[in-house]
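Visitor: one predicted model, sequence on top.
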Amino acid sequence: MKVPVFPLNSVVLPGGRVPLQLFEPRYLDMLTRCMKEDQGFVITLLQNGSEAGRVASFHETGTYVRIIDFQQLDNGLLGITVEGDAKVCITQSWQQDDGLNMGEVEFLPVEQWAEIPAVFHELSSVVRALFRHPVIDELGMTVDYEDARDIGWRLTELLPLDKLEKQQLLEMQDPVARLSRLQELLEVLEEG
């Protein structure tokens with residue numbers, strides 16, 4: 001599957017929502033094409049370069065997202081909200097003449113629903129607390145507080161972690177192992 005690739009300085013996972021502001025012609029064209037063809041695009045973490053730069057390298061594992069809302073913002077830019085659909089591997093990438101990155105992607109196996117082990121139940125409470133924040137609440141995300149995937153995905157996105165750590169958490173395929181790593185990281189944050 002060939003799709004546009006949008007390198008960012010952040011990570012989104014399945015079920016996660018992120019608001020974006022588009023102003024570059026290449027991304028406005030991408031949005032038009034995606035909406036016309038009812039297709040999404042891939043958000044992946046930048047390795048080198050900048051979000052607005054023409055030259056950027058990015059991680060091979062990202063998330064296929066779909067546009068769920070768009071509106072003209074007060075600052076004149078176009079605002080969109082995207083929702084993570086599935087994790088993908090970018091097997092090949094290239095840049096079009098207009099600077100838009102494109103990629104050939106393969107969908108990664110869907111992580112299976114997993115019950116949260118009792119030792120990690122506190123992590124569900126952390127997500128509940130984060131979801132009470134007005135900015136998070138405004139995104140309208142839903143969470144299954146019994147699902148290790150959902151809890152791990154939302155904590156990966158919302159905790160103030162190093163972006164490379166977030167990428168490693170994205171790349172994990174075992175929801176319970178992700179919770180274990182998040183528990184360790186949360187303990188480090190609480191000590192700091």
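Guide: Now that the structure is in, tell me what you want to look at.
Visitor: which strand residues bridge the closest residue to residue 7 other than its chain neighbours?
Guide: Leaving aside its sequence neighbours, residue 7 sits nearest to residue 58 (CB to CB, 6 or more residues apart in numbering; 4.0 Å). The C-beta positions use only the backbone N, C-alpha and C, and glycine is treated the same way. Using DSSP bridges, the bridge partners assigned to residue 58 are residue 46.
Visitor: and the gap between residue 58 and residue 74?
Guide: 30 Å (CB to CB, to the nearest Å).
Visitor: comparing these two, which residue is more hemmed in?
Guide: Per other CB atoms under 10 Å, whichever of residue 58 and residue 74 has more neighbours is residue 58, with 22 against 7.
Visitor: which residue ranges of this structure form helices?
Guide: 25-36, 121-131, 134-138, 148-158, 163-171, 175-191 (DSSP state H).
Visitor: of those helices, which is nearest residue 18?
Guide: Nearest of the helices of the chain to residue 18, taken as CB to CB: helix 148-158 at 8.0 Å.
Visitor: got any ranges where the protein has weak pLDDT?
Guide: 49-55, 192 (pLDDT under 70).
Visitor: longest strand anywhere in it?
Guide: Looking across the chain with DSSP state E, the single longest strand is strand 78-95.
Visitor: and that one, which residues are buried?
Guide: 80-90, 93 (16 or more other CB atoms under 10 Å).
Visitor: wait, which of the residues you listed is closest to residue 19?
Guide: Nearest member of the buried residues of strand 78-95 to residue 19, counting by CB to CB, is residue 81, at 5.0 Å.
Visitor: is it true that the closest one touches residue 139?
Guide: Yes. Assessed by CB atoms under 8 Å, residue 81 is found in contact with residue 139 at 7.2 Å.
Visitor: now for the two: what residues contact both?
Guide: 17-19 (CB atoms under 8 Å, 6 or more residues apart in numbering).
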